[in-house]
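In: mind looking at a prediction? Sequence and model below.
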Amino acid sequence: MGSQIENLLSEHKRKLLKSIAHLEFSYQKVQNLSCDTTKLKEENLETWESFSSRFSRTADIFLSKYLRTVLKIQDPAYNGTLIDSLNIAEKQGLIQNAQLWYKIRELRNIEAHEYTEESLSKFFETARQLAPIIIALKSIL
């Protein structure tokens, strides 16, 4: 069982690193784009949507798969909430700030819903601000 969960962690790590690379590519493309959806051309909106999808996917892989598996390896009976997991990860130095990661998760959850143009612009802006936190994971993996 031990090697099985270690293999699972290795697979999550591989997927996470690949997802981070894709996010980093999209992050570079949105660096100089306006967040104002009322002024975006279709091509730029598509770039933003690709970035937001990659942001959400990478956050999900880290929080729901990689981090959960790390905590299960440390304690096979572990079954805590997301905030519990984030607090443990912060104490162990896996992440810098549990509250920021909770905000990332909330943003990831919001991404799937319908937006007004104003709220979508705010989403793009916030995701662009938080993306470096996700991208920085590659240095601890």
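Out: Nice, I can see it. Numbers count the residues shown, from 1 in each chain.

In: hey, let's count contacts and neighbours off CA atoms from now on
Out: Will do.

In: state the distance from Leu137 to Ile104.
Out: Using CA to CA, to the nearest Å, Leu137 is found at 13 Å from Ile104.

In: hmm, I typed the wrong one, I wanted Ser26.
Out: Where Ile104 is concerned, Ser26 sits at a distance of 17 Å (CA to CA).

In: identify each buried residue in the helix ranked longest in the chain, please.
Out: If you go by DSSP state H, the chain has its longest helix at helix 2-30. Neighbour-count burial for helix 2-30 flags 8-9, 12-13, 15-17, 19-24, 26-27, 30 (criterion: 16 or more other CA atoms under 10 Å).

In: so after that helix, what's the next helix or strand?
Out: helix 42-60 (DSSP states H and E).

In: from the contact counts, what lies against the following helix or strand past that next one?
Out: Next helix or strand after helix 42-60 toward the C-terminus (DSSP H and E): helix 67-74. Contacts defined by 3 or more CA pairs under 8 Å, 6 or more residues apart in numbering; DSSP states H and E place helix 67-74 against helix 2-30, helix 82-91.

In: who wins for proximity to Lys122 among these?
Out: helix 2-30 (13.9 Å; CA to CA).

In: helix 67-74 and that closest one, what's the angle between them?
Out: Here helix 2-30 points in a direction 150 degrees away from that of helix 67-74 (axes from the mean of the first three to the mean of the last three CA atoms, to 10 degrees).

In: how near is Leu8 to Ser19?
Out: 16 Å.

In: sorry, wrong one. I was asking about Ser64.
Out: 14 Å.

In: and the gap between the most centrally placed residue in the chain and Leu8?
Out: Here the mean C-alpha position of the chain is nearest to the C-alpha of Ala59 (CA atoms, centre = their mean), at a distance of 1.8 Å. Per CA to CA, Ala59 is found 18 Å from Leu8.

In: tell me the contacts of the nearest residue to Glu117 once chain neighbours are set aside?
Out: Nearest residue to Glu117 in three dimensions, chain neighbours excluded: Thr37, at 5.9 Å (CA to CA, 6 or more residues apart in numbering). Residues near Thr37 by CA atoms under 8 Å, 6 or more residues apart in numbering: Leu45, Glu117, Glu118, Leu120, Ser121.
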